[in-house]
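Student: Sequence and predicted structure are below.
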Amino acid sequence: MTLSTMIGAWIAVFLTLSIFSYLYKDNPFYKIAEHVFVGVSAAYVAAISFWTQIYPNLLGRLFPKDGPLSFTGLEFDFNHSFNILYIFPLLLGLMMILSVFQKFNWMARWGIAYTVAIAAGLKAFGYLNSNVLNQVSASVVSLFGENLPFFNISGDSVFNNIVLLLGTISSLMYFYFSKEQRGNFGKLTRVGIYFLMISFGASFGFAVMGRISLLVGRFRELIAYSEPSYNYSTIWLLFLIIAFLFYHSIREKESNT
Amino acid sequence: MMIRKLENLIIKVGDVDRRVIFVLIGLAVLIPLLTPVSLPIRETPTTVKFYEGIEEIPKGSKVLVSFDYGPSTRPEIHPMNVAVLRHMLRNEHKVYISCLWPDGIYMALDALEDISDEFSLKEYEDYVLLGYRPGAEAVIKGLASDLRKVYTVDANGKFIDDIEMMDNVKNLNDFAYIYSGSAGYPGTFEWVKYGGDPTGVRMSSGTTSVQVNEVIPYVRSGQLIGLLAGMPGAAEYEKLVESPGIAIKGMAAQSFAHIVIVVFIIFGNIAFFLKQKKERKYSK
């Protein structure tokens, strides 16, 4: 095993246990892990975005080899030809960076406005097409289709189609606020509430399942790193963190009294 | 007398310190991992649909696999991505790997390493690792119109035009299938909206459990050909492709933890109602 693998394993165990220590209470180990995570993530995304996107796709197109801007001394050879249009993303990007200066922060609004407009346009089309039109057409089913069994728990059936119809209509009606939810209409919206509650329950169940899966993954790594080949890193660090937290809580009690 | 004692005990359990619950859940996960228990796994229709969807792709097709997750969600998505790669390579497909998450590239490298010996994998013959590009849905939209505008070089810095496997690959329409192993944004939703739906290329996805409820309508509407839902979905798929892996091993821990949580929910609710009953009695 290489030294870097060993160091990586010890860091991974330390950070995992530090995060878990929050379950006891907020403490310095958790704070260290939290700050390291935020700092490393931000730096990593910034670096990788520059070297994989800005460098080849922006600079590579504005300053290609033997391009019209070669006289500046900047040349980036990525098999691209010169494209003047890429000056706009460069300028908008620079304007967004200028937001750190009080005097020029109005310039950032241009870049932000462009980004918001593009995102809104992109999302509006995608959402309307995939989440509205396609979903509406998928909910249009033949209730008593040919050769459809009356009941089938996992596939298409008359019963499931009725549930789909009732669930869709009653849930939508619950969000219709132009009529008071009383009488027969109120009964229908109440059914809608039940459908929504079942949906929230399923979401909660899936969320719990997801968190447990992540816990399984972390425990599996902690078990692997507790082996002799990793110098029992999990056991040593667990002992160290528990001892520190114990000492910390005693000191805290003493200072309170 | 006996019933009153039992009621008091349940109320006490209801007031238990949350840290005791954390420890019990921890033990419920840890013990099955230390002493493996085998539990039966039954395939759900969405997983079977997913499996059949991949089986239907003509052999030797070009498939795009997107690694849209990071280390934080690795336990859920990684097992299914390894199984999907295994299935695709077994069917002699050419695999093109993209990443919408910055650390997805390391997840892809890990997954390729896991199956490298089994298939004697050769880069640029069996697969191309295109790598990560920032931009989320803009990247997918770019891939749908012109792949070379998004990817000038691959993950190793090699020019896309110099890679033989990239010949005749201009955009998403040149792929027979798209798969996204997704842990959130950007991921499945963006691939459906800007990749699968506009191009009509068949696609499927493996997601974290948290996303399942929102993604599953896409399966019914046919926008996704099946779905792998969290770690259980990965375990079912490992069973279908006959290569038991870490998802199957983790399912016992998952089940025991669920039992502990359900027991606490039941006890918590009973304790709540008993407490209310007691308070009403003494307030009269």
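Tutor: The structure has been received and is ready for your questions. Just so we're clear, the structure is a prediction, and the values are computed from it rather than from any experiment.
Student: what residues does the stretch 101-250 of chain A put near chain B?
Tutor: Contact residues, the stretch 101-250 of chain A versus chain B (Cβ under 8 Å from any Cβ of the partner chain): A:118, A:122-123, A:126-127, A:129-131, A:134-135, A:137-138, A:154-155, A:199, A:202-203, A:206-210, A:212-220, A:223. C-beta: built from backbone N, CA, C; applies to glycine.
Student: Of those, keep whichever come out buried.
Tutor: By neighbour count, with 16 or more other Cβ atoms under 10 Å in any protein chain shown, those hold A:122, A:126, A:130-131, A:134, A:138, A:203, A:206-210, A:212-220 as buried.
Student: Check the secondary structure at residue 114 for me.
Tutor: In the absence of a named chain, chain A is used. Here A:Tyr114 is helix, with the state taken from DSSP: H, G, I helix; E, B strand; the rest coil.
Student: Not quite, go with chain B.
Tutor: Assignment for B:Asp114 (three-state DSSP): helix.
Student: Got phi/psi on B:Tyr177?
Tutor: Main-chain torsions, B:Tyr177, degrees, to the nearest 10: phi -160, psi 140.
Student: And the pLDDT for it?
Tutor: pLDDT recorded at B:Tyr177 is 97.
Student: List the beta-bridge partners for it.
Tutor: B:Tyr177 has these beta-bridge partners by DSSP bridges: B:Val63.
Student: Quick one: residues contacting it.
Tutor: When contacts are counted by Cβ atoms under 8 Å, 6 or more residues apart in numbering or on different chains, B:Tyr177 touches B:53-54, B:57, B:61, B:63-64, B:93, B:201-204.
Student: Mind doing that once more with 6 Å?
Tutor: Shown in contact with B:Tyr177 (Cβ atoms under 6 Å, 6 or more residues apart in numbering or on different chains): B:57, B:63, B:202.
Student: ranking these by neighbours, who comes first?
Tutor: Compared across the contacts of B:Tyr177, B:Val63 has the highest neighbour count, 24 neighbours, by other Cβ atoms under 10 Å in any protein chain shown.
Student: what pLDDT does that one get?
Tutor: So, for B:Val63, pLDDT stands at 97.
Student: Mind checking which of the buried ones among the residues of the stretch 101-250 of chain A next to chain B land in helices?
Tutor: Secondary structure from DSSP state H places A:122, A:126, A:134, A:138, A:203, A:206-210, A:212-220 of those in helices.
Student: Leaving out the residues flanking it, which one is nearest to B:Ser66?
Tutor: If the residues on either side of it in the chain are set aside, B:Ser66 comes closest to B:Ser180, at 4.4 Å by Cβ to Cβ, 6 or more residues apart in numbering or on different chains.
Student: did I read that right, that neighbour in a strand?
Tutor: Yes: judged by three-state DSSP, B:Ser180 forms part of a strand.
Student: residues in contact with the helix or strand hosting A:Ala46?
Tutor: When elements are assigned from DSSP states H and E, A:Ala46 belongs to helix A:28-49. For helix A:28-49, contacts defined as Cβ under 6 Å, 6+ apart pick out A:15, A:18-19, A:21-22, A:241, B:102, B:134.
Student: what's the answer for stretch A:57-67, then?
Tutor: With Cβ under 6 Å, 6+ apart, stretch A:57-67 has contacts from A:69, A:74-78, A:80, A:82-83, A:86.
Student: Rebuild these as TSV, extending it with secondary structure and neighbour count.
Tutor: What follows is those, written out as TSV (DSSP: H, G, I helix; E, B strand; the rest coil; neighbours: other Cβ atoms under 10 Å in any protein chain shown):
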residue	secondary structure	neighbour count
A:Leu69	coil	14
A:Leu74	coil	12
A:Glu75	coil	14
A:Phe76	coil	16
A:Asp77	coil	13
A:Phe78	coil	18
A:His80	coil	21
A:Phe82	coil	15
A:Asn83	coil	13
A:Tyr86	helix	17
